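>>> Here is a sequence with its predicted model. Questions after.
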Amino acid sequence: MPNIKSSIRSVKTDAERRAKNAPVKAAIRNIARKVVALTETGTQEDAKATYVTASGLIDKAARKGIIHKNAANRRKSRLAKKVNAME
């Protein structure tokens, strides 16, 4: 535990921020896994529909500052490549 007052406050706010961001990041990871699974076994229509949902979640997280905008674009690009490769 830090001894400096500002460090104590930042530890507390870091924990609050981490607790708030964790479920959003987990949701992004879960939906991305679902898209990948559908590209391997499912139909392309299902994969595209799930990709649209995933893209929305990723964009929302980027707008809120949970993930960086370039990281969001990278994740969406990688998922789109997998969906488009199904054709």
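Looks like it arrived, so ask away.
>>> Roughly how far does Lys81 sit from Val24?
According to C-beta to C-beta, to the nearest Å, Lys81 stands 23 Å off from Val24. Heads up, the C-betas are built off the backbone N, CA and C, glycines and all.
>>> ah, wrong one, I meant Ile58
Relative to Val24, and taking C-beta to C-beta, Ile58 is found at 10 Å.
>>> and the two? which has more neighbours close in?
Ile58 (24 against 16; other C-beta atoms under 10 Å).
>>> Apart from its chain neighbours, what residue comes closest to that one?
In space, Ile58 comes closest to Ala72 once its chain neighbours are excluded; the distance is 4.8 Å by C-beta to C-beta, 6 or more residues apart in numbering.
>>> Need the contact partners of whichever strand or helix holds that neighbour.
If you go by DSSP states H and E, Ala72 is part of helix 69-84. Residues from elsewhere that reach helix 69-84 (C-beta atoms under 8 Å, 6 or more residues apart in numbering): 28, 32, 35-36, 39, 44, 47-48, 51, 54-55, 58-59, 61-62, 67.
>>> quick one: which of these sit in helices?
Mapping these onto helices (DSSP state H) picks out 28, 32, 35-36, 39, 44, 47-48, 51, 54-55, 58-59, 61-62.
>>> quick check, nearest of these to Ile4?
When these are ranked by distance to Ile4 (C-beta to C-beta), Ala61 comes first, at 31.7 Å.
>>> List the residues that contact the closest one.
By C-beta under 8 Å, 6+ apart, Ala61 lies in contact with Val24, Lys25, Ile28, Ile67, Ala72.
>>> Let's see that with 7 Å instead.
Val24, Ile28, Ile67, Ala72 (C-beta atoms under 7 Å, 6 or more residues apart in numbering).
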